[in-house]
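Build me a model from this:
(one chain, ligands or ions: 1)
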Amino acid sequence: MAAPPRRRPGCGDWSEPAGPGRRLRDVAGRIREDDIAEVREKARIDDVVSAYVSLRNAGGGSLKGLCPFHDEKSPSFNVNPSRGFFHCFGCQEGGDVISFVMKHDGLSFNEAVESLADKYGVQLRREESPDGRPEPARPRGPARSRLIEANKLAQEFYAGQLSTPEALVARQFLGERGFDHDSAETFGIGFAPRDGEALLQHLRQKQFSEEEVVAAGLVAVGRSAYDRFRGRLLWPIREASGDTIGFGARRIFDDDRNDAKYLNTPETSLYKKSQVLYGIDLARKDIARSSQAVVVEGYTDVMACHLAGVTTAVATCGTAFGDDHARVLRRFMLDHEEFRGEVIFTFDGDAAGQKAAIRAFEGDQNFVSQTYVAVEPTGLDPCDLRLQQGDAAVRELVARRVPLYRFVLANVVGKYDLDRADGRVDALREAARLVSSIRDRSKVDAFAREIAGMIGIDVEEARAEVRRSVSRGRSDARSRPGPPAAPNTDAAAPTGPPKQQLPDLRDPRFTLERETLKVLLQHPAQVGRMVAEVGPNDFRHPTYRAVWELIVAAGGPSSAGPDWSARLRDSAPDAGVASAISALAVEALPTQKEPDEGYVAAHVVRLQELTVLRRIAGLKSRLQRTKPVENPTD
Ligand SMILES: [Zn+2]
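As a prediction, this is how the structure comes out:
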């Protein structure tokens with residue numbers, strides 16, 4: 001790879017466009033431009049994005065997956081590793097690796113650069129500020145990288161404490177559940193001393209402020225500051241990338257003054273319990289490979305599954321599995337054109353488990369037909385199952401999964417005495433009501449058949465009852481006061497950059513402009529001086545014209561460096577143009593081979609030809625209008 005371009009401020013260097021360019025940046029801090037370029041080069045966008053989204057080959061050097069910025073069922077989120085760019089053709093989000101991290105983690109430009117530099121080993125240097133003062137105080141609390149670092153140090157500290165004499169009970173707890181020293185190490189398990197300030201002191205020595213350790217969720221403040229976790233066994237909760245962002249803490253001492261069996265890190269800017277999945281860092285690759293995820297109920301169950309060879313196991317942390325968790329899993333599970341993975345829940349057969357299953361049924365219905373339940377008849381959870389019957393029993397439990405709907409229907413039907421006619425009627429009515437709530441009408445018939453088999457009635461009878469239940473549901477919905485059901489929930493989905501009142505960029509009238517700019521962005525070296533004759537008037541779409549003007553302002557394609565597209569995007573005057581640039585940088589060219597001079601020339605010549613034709617048409621029309629007319633008004 002070529003060396004990163006040097007920036008010489010004030011020398012008319014192409015990398016420093018004048019004008020509104022810096023608008024998209026936050027200028028505080030001033031990380032050196034060549035360090036930013038190094039971050040862009042080392043932090044490969046496919047690598048960074050893969051921590052959150054499974055990507056598969058989309059041809060033409062592009063990868064695609066389900067967009068993390070809007071909810072979708074088939075992938076329109078494209079990543080082009082060789083250009084270092086992503087673009088979602090669904091919501092129009094796009095940009096380079098730094099903009100991805102900014103958007104995904106809600107960071108400022110500098111924070112995103114810092115976080116990537118940290119992860120990819122780039123030493124950042126800062127320009128001295130003119131007045132020699134340190135950076136201005138951060139208005140939004142401690143930097144994310146500091147919170148990550150604090151959690152990392154805490155994890156190491158706690159892991160070290162696990163071998164102290166005080167942690168005997170913690171080691172016994174693990175040993176009794178079949179976890180040896182090695183597995184404790186694999187999962188990074190630790191022990192929080194009972195003392196109450198041990199971690200606080202440790203992090204103070206490492207130059208962390210009270211504000212930082214509190215924001216990291218590690219320390220709480222009452223009359224004074226104290227460790228949030230005291231005398232507990234700790235599981236570090238990690239992001240898909242492997243960074244520790246919080247802890248789950250189990251009560252192990254009888255005299256623990258907090259009765260809660262489990263405590264978790266509170267909501268912080270890192271730790272969002274509605275999205276966090278314990279074990280995702282270990283499971284994500286196998287989840288992507290097998291399109292299967294196993295959702296268990298606790299930390300020890302995740303451990304037991306992984307150690308038994310079920311390497312796709314995850315668990316929610318202190319909360320029920322919800323729609324946000326479902327979305328996180330779906331992004332990792334992307335299989336073919338659409339989501340076809342399997343999510344397997346292990347429930348114990350008791351009432352709580354059945355309730356949980358019905359809740360899952362009522363949640364994100366995109367999921368229902370891919371949702372399975374693995375129920376251990378003896379009621380053992382995976383951890384106890386492994387302990388009592390060995391690794392193979394855990395693998396079998398998962399292999400014996402049944403579709404969720406069958407499990408739920410069987411439970412509903414099982415409540416009634418099917419030997420009695422009135423029992424069958426009641427069972428049919430309740431099962432039909434459940435089936436009628438399924439939004440995917442194509443599934444309903446199969447479910448009706450299933451009900452008929454379970455109750456022992458005619459399929460037609462079951463179908464008729466489901467139809468009756470559907471129409472009852474409709475009239476209920478009509479008579480019920482309250483907001484009307486939104487027919488299209490997509491309309492409420494978060495939108496990308498604001499819509500402009502401009503012609504569609506994909507309007508065929510602008511195809512040539514689009515294709516020409518794509519070559520300019522993706523293969524600047526091949527274009528060279530061939531565009532010398534092109535001018536802004538060759539671009540009729542205002543957005544394309546703006547992109548062209550940015551290219552000229554940046555010194556033209558012959559001065560492109562490795563982060564050409566990124567620099568152009570940074571200098572974009574508004575979000576619409578920035579989004580267009582990422583789309584142009586990512587979209588595949590309509591040619592199999594690398595574009596050569598002929599390809600470029602054909603575009604440039606045709607573009608100019610059109611401009612000339614337009615000029616002729618304009619002149620003709622003017623001529624017509626200035627021609628003496630038959631019936632002058634004056
Ligand atoms: Zn999107």
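
how about the residues of this protein near the ion?
By CB under 5 Å from the ion, the part of the chain that sits against the ion consists of 67, 69, 70, 88, 90, 91. (Each C-beta comes from the backbone N, C-alpha and C, glycine too.)

hang on, isn't the third one packed against residue 90?
Yes - with contact defined as CB atoms under 8 Å, residue 70 reaches residue 90; the gap is 5.8 Å.

per-domain residue ranges of this protein.
If you go by automatic domain parsing, the domain ranges for the chain are 144-264, 277-409, 415-479, 508-625.

now the third one: mean pLDDT?
Meaning domain 415-479. Per-residue pLDDT over domain 415-479 has a mean of 81.

neighbour-wise, which of the residues of the chain next to the ion leads?
Using other CB atoms under 10 Å as the neighbour criterion, residue 88 leads those with 26 neighbours.

per-residue pLDDT, it?
For residue 88, pLDDT reads 92.

which residues of the stretch 151-300 of the chain fall in strands?
190-192, 219-221, 225-227, 232-238, 244-251, 262-264, 277-278, 292-296 (DSSP state E, counting those that start in this stretch).

Taking strand 232-238 as reference, get the angle to the longest one.
It refers to strand 244-251. Between strand 244-251 and strand 232-238, the angle comes out at 150 degrees (axes from the mean of the first three to the mean of the last three CA atoms, to 10 degrees).

Would you mind listing the buried residues in strand 244-251?
Within strand 244-251, the residues scored as buried using 16 or more other CB atoms under 10 Å are 244, 245, 246, 247, 248, 249, 250.

and the fourth one, bridged to which residues?
What it means is residue 247. residue 236 (DSSP bridges).

mind listing what's buried in stretch 452-461?
Those would be 452, 454, 455, 457, 461, for stretch 452-461 by 16+ other CB under 10 Å.

quick one: secondary structure of the first one?
For residue 452, the assignment made with DSSP: H, G, I helix; E, B strand; the rest coil gives helix.

Now for the residue lying closest to it once chain neighbours are set aside, how many residues are close by?
In space, and not counting its chain neighbours, residue 452 is closest to residue 462: 4.0 Å by CB to CB, 6 or more residues apart in numbering. Neighbours of residue 462 under the rule other CB under 10 Å: 24.

Tell me which residues touch residue 462, please.
428, 432, 448, 449, 451, 452, 455 (CB atoms under 8 Å, 6 or more residues apart in numbering).

and the gap between the residue lying closest to the fourth one once chain neighbours are set aside and the ion?
What that stands for is residue 449. Spatial nearest neighbour of residue 449, excluding adjacent residues (CB to CB, 6+ apart): residue 459 at 5.5 Å. Residue 459 sits 42 Å away from the ion, going by CB to the ion, to the nearest Å.

Show the contacting residues for residue 459.
448, 449, 452 are the contacts of residue 459 under CB under 8 Å, 6+ apart.

re the thing from before, want to throw the strands of the stretch 151-300 of the chain into JSON lines with distance to residue 612 and mean pLDDT?
JSON lines is the format used below for the strands of the stretch 151-300 of the chain (distance: least, CB to CB, whole Å; pLDDT from 0 to 100):
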{"stretch": "strand 190-192", "distance to residue 612": "73", "mean pLDDT": "97"}
{"stretch": "strand 219-221", "distance to residue 612": "71", "mean pLDDT": "93"}
{"stretch": "strand 225-227", "distance to residue 612": "74", "mean pLDDT": "94"}
{"stretch": "strand 232-238", "distance to residue 612": "61", "mean pLDDT": "97"}
{"stretch": "strand 244-251", "distance to residue 612": "59", "mean pLDDT": "96"}
{"stretch": "strand 262-264", "distance to residue 612": "68", "mean pLDDT": "94"}
{"stretch": "strand 277-278", "distance to residue 612": "59", "mean pLDDT": "96"}
{"stretch": "strand 292-296", "distance to residue 612": "59", "mean pLDDT": "93"}
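
Ok, which of these comes nearest residue 36?
Closest to residue 36 of those, according to CB to CB: strand 244-251, at 25.5 Å.

Which residues outside the closest one are in contact with it?
148, 151-152, 154-155, 158, 173, 188, 192, 217, 229, 232-239, 258-265, 268, 270-271, 276, 278, 299, 317-318.

Can you turn the buried subset of those into a selection I can paste into PyMOL?
Entered in PyMOL, the line below selects the buried ones among those, by 16+ other CB under 10 Å:
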select buried, resi 148+151+152+154+155+158+173+188+192+217+229+232+233+234+235+236+237+238+239+263+264+265+268+270+271+276+278+299+317+318
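
Quick one: buried ones out of the contacts of residue 462?
Buried among those by 16+ other CB under 10 Å: 428, 432, 448, 451, 452, 455.

From residue 51, how far out is the most centrally placed residue in the chain?
By CA atoms, centre = their mean, the chain has its centre lying nearest to residue 68, at 3.6 Å. Counting by CB to CB, to the nearest Å, the separation of residue 68 from residue 51 is 10 Å.

same check, this time on residue 237
15 Å.

same question, residue 100
For residue 100 relative to residue 51 (CB to CB), the value is 10 Å.

cool, and residue 269?
Distance from residue 269 to residue 51, by CB to CB: 18 Å.

Repeat that for residue 288.
11 Å.

With neighbour numbers in mind, choose between these two.
residue 288 (23 against 17).

Surely the more buried one touches residue 331?
No - in this structure, residue 288 is not within contact of residue 331 by CB under 8 Å, at 9.4 Å.

list residues touching both of those two?
With CB under 8 Å, 6+ apart, residue 288 and residue 331 have common neighbours residue 54.
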